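> Build me a model from this:
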Amino acid sequence: MANTSMATGHTVPTRYWHEIEDGRVQCDLCPRACKLGEGGRGLCFVRARENGAVVLNSYGRSSGFCVDPIEKKPLNHFLPGSAVFSFGTAGCNLACRFCQNWDISKSKATDTLSQAATPEEIARAAAALGCASVAFTYNDPVPFMEYAIDCADAAHASGLQAVGVTAGYICDEPRRELYAHLDAANVDLKAFTEGFYKHTCGADLGAVLDTLQYLRHETGVWFEITNLLIPGANDSDEEIDSMTSWIATTLGADVPLHFTAFHPDFKMMDTPPTPPTTLIHARSIALSNGLTFVYTGNVHDRAGGSTYCPGCGEILIERDWYDLGSYRLDPGGHCRECGMLLPGVFARQPGSWGARRRYVAMRGSEAGK
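Numbers count the residues shown, from 1 in each chain. Model (predicted):
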């Protein structure tokens with residue numbers, strides 16, 4: 001856990017950095033490897049050099065707290081129907097031109113961090129509101145890793161699960177530390193070409209694929225993948241075919257994949273929204289390549305939103321956006337018709353939170369309280 005006793009205000013020390021020959025320090029949290037002089041900040045803005053070391057200056061502060069359906073993360077095979085206590089901070093270590101949470105992830109203003117809460121306060125609030133888990137979302141948890149880890153540990157101490165919603169852009173050693181504290185993750189696989197990652201996200205694809213392979217082959221973390229389809233940018237049949245074939249052969253056919261719809265935002269306002277037919281077509285390609293659980297998101301598509309038994313084909317979890325309909329799993333997560341075990345993490349009964357979003361006011365109404 002972060003050594004908060006050494007914190008000044010909302011600043012805590014970090015340990016993934018080293019000195020380099022020219023007098024600067026290099027942040028080793030993610031492959032961006034930002035090199036910082038005294039007072040400098042990384043691209044994420046929340047990790048900075050102070051007194052010769054790299055610190056996190058957003059610890060304990062948030063852009064807001066909400067209770068959401070877990071399906072909104074999106075996670076369809078992790079405690080379906082349950083409520084998740086969601087929050088983010090500010091900053092991001094990618095530079096996506098299409099960011100749909102850009103006011104949070106690209107923020108460089110401290111007034112974005114308008115609420116304050118300790119990890120223990122977050123866990124208590126989540127438990128009191130009937131949540132099954134705490135999620136680090138809205139902006140990527142990688143830049144605020146120390147705060148996320150402490151919140152995950154506090155959640156576990158309160159009997160809750162910890163969820164990360166991330167782009168997966170992180171170096172090996174901190175990757176291992178972060179995921180050792182998480183129970184589930186949704187990884188945003190933004191495209192399947194290095195060109196897209198370089199020119200549209202300011203990152204590289206290889207590091208994200210490394211994270212996915214690490215999660216699958218070296219951890220017990222439940223994870224699902226999201227691919228936001230952007231018209232004319234990453235939605236060609238060839239790219240979808242290549243990506244879904246790689247997922248099936250390298251990660252496994254049972255990894256859930258979500259195709260979601262783009263809407264014009266941030267620096268891609270001239271790009272049209274994704275037609276629902278594009279998502280449905282992408283799903284058909286993924287299914288033809290052997291993936292078992294493929295979903296469409298941000299559209300009304302009962303077929304693409306529901307979970308089917310890979311054994312007998314029955315609908316096991318019916319969904320309309322974030323609302324659950326019929327539910328045909330036994331308490332152990334088996335199909336009630338044929339007995340096949342559905343991959344995932346399931347409670348004895350589904351949750352009943354529905355599609356609601358509830359905003360939560362914590363103790364700190366202003367950053368710094």
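> Any regions of the stretch 1-150 of the chain where pLDDT drops low?
Applying pLDDT under 70 to the stretch 1-150 of the chain picks out residues 1-9, 101-114.
> Show me what counts as buried in stretch 159-172.
L160, Q161, A162, V163, G164, V165, T166, A167, G168, Y169, I170, C171 (16 or more other Cβ atoms under 10 Å). The C-beta positions use only the backbone N, C-alpha and C, and glycine is treated the same way.
> Return the distance of that stretch from the chain's centre.
Here stretch 159-172 is found 6 Å from its chain centre; the criterion is Cα atoms, centre = their mean, to the nearest Å.
> One more: stretch 282-294?
22 Å.
> can you pull the buried residues of that stretch?
A282, R283, I285, A286, N289, L291, T292, F293, V294.
> go on, stretch 171-185?
Result for stretch 171-185 [16+ other Cβ under 10 Å]: buried residues C171, P174, R175, L178, Y179, H181, L182, D183, A184, A185.
> again with stretch 16-24
Y16, W17.
> CA atoms of that stretch as CSV?
Taking C-alpha atoms only, stretch 16-24 is exported to CSV below (Å, rounded to 0.1, in the frame of the first residue of the first chain):
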residue,chain,number,x,y,z
TYR,A,16,8.5,3.1,-10.3
TRP,A,17,11.1,5.6,-11.5
HIS,A,18,14.9,5.9,-11.8
GLU,A,19,17.5,8.6,-12.3
ILE,A,20,19.0,9.1,-15.7
GLU,A,21,22.4,10.5,-16.7
ASP,A,22,21.3,14.0,-17.7
GLY,A,23,20.0,14.8,-14.2
ARG,A,24,16.4,14.0,-15.0
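> can you count the residues close to the residue nearest to G60 when sequence neighbours are not counted?
Of all residues not flanking G60 in the chain, H10 sits nearest, at 5.2 Å (Cβ to Cβ, 6 or more residues apart in numbering). If you count neighbours by other Cβ atoms under 10 Å, H10 ends up with 21.
> Walk me through the domains of this protein.
When the chain is parsed with automatic domain parsing, its domains come out as 4-56, 62-359.
> Pick the most buried one from those domains.
domain 62-359 (a mean of 19; mean count of other Cβ atoms under 10 Å).
> Next, the distance between the ends of that one.
One end of domain 62-359 to the other measures 13 Å (Cα to Cα, to the nearest Å).
> Restricted to helices, list the buried residues of stretch 282-294.
A282, R283, I285, A286 (DSSP state H).
> Which of the buried residues of stretch 171-185 sits closest to P80?
Closest to P80 out of the buried residues of stretch 171-185 is A184 (12.1 Å), distances taken as Cβ to Cβ.
> mind checking how far that closest one is from P74?
Between A184 and P74 the distance is 11 Å, computed by Cβ to Cβ, to the nearest Å.
> Then G52?
G52 is 42 Å from P74, by Cβ to Cβ.
> ok, now which ones touch the residue nearest to E50 when sequence neighbours are not counted?
Among residues not flanking E50 along the chain, T11 sits closest, at 7.0 Å (Cβ to Cβ, 6+ apart). By Cβ atoms under 8 Å, 6 or more residues apart in numbering, the residues touching T11 are E50, V55, L56, N57, Y59.
> these two touch, right, the fourth one and V46?
Yes: the pair N57 and V46 passes the contact test of Cβ atoms under 8 Å, sitting 5.8 Å apart.
> Relative to the strand of greatest length in the chain, what are the paired strands and their orientations?
As assigned by DSSP state E, the longest strand anywhere in the chain is strand 222-229. According to DSSP bridges, strand 222-229 forms sheet pairs with strand 184-188 (parallel), strand 257-261 (parallel).
> any idea which of the buried residues of stretch 159-172 is closest to D28?
C171 (5.9 Å).
> From G202, how far off is the closest one?
16 Å.
> Nearest to G23, out of the strands paired with strand 222-229?
Closest to G23 of these is strand 184-188 (Cβ to Cβ; 35.8 Å).
> Now do that closest one: distance to the chain's middle.
Worked out by Cα atoms, centre = their mean, strand 184-188 lies 4 Å from the chain centre.
> With stretch 344-362 instead?
With Cα atoms, centre = their mean, you get 17 Å for stretch 344-362.
> Looking at it now, give me its mean pLDDT.
What stretch 344-362 shows for mean pLDDT is 94.
> Over to that stretch now: how far is its first residue from its last?
OK, stretch 344-362 end separation, Cα to Cα: 32 Å.
> Show me what the host helix or strand of V134 pairs with in its sheet, parallel or antiparallel.
Assigned by DSSP states H and E, V134 falls within strand 133-136. According to DSSP bridges, strand 133-136 has the following sheet partners: strand 83-88 (parallel), strand 161-166 (parallel).
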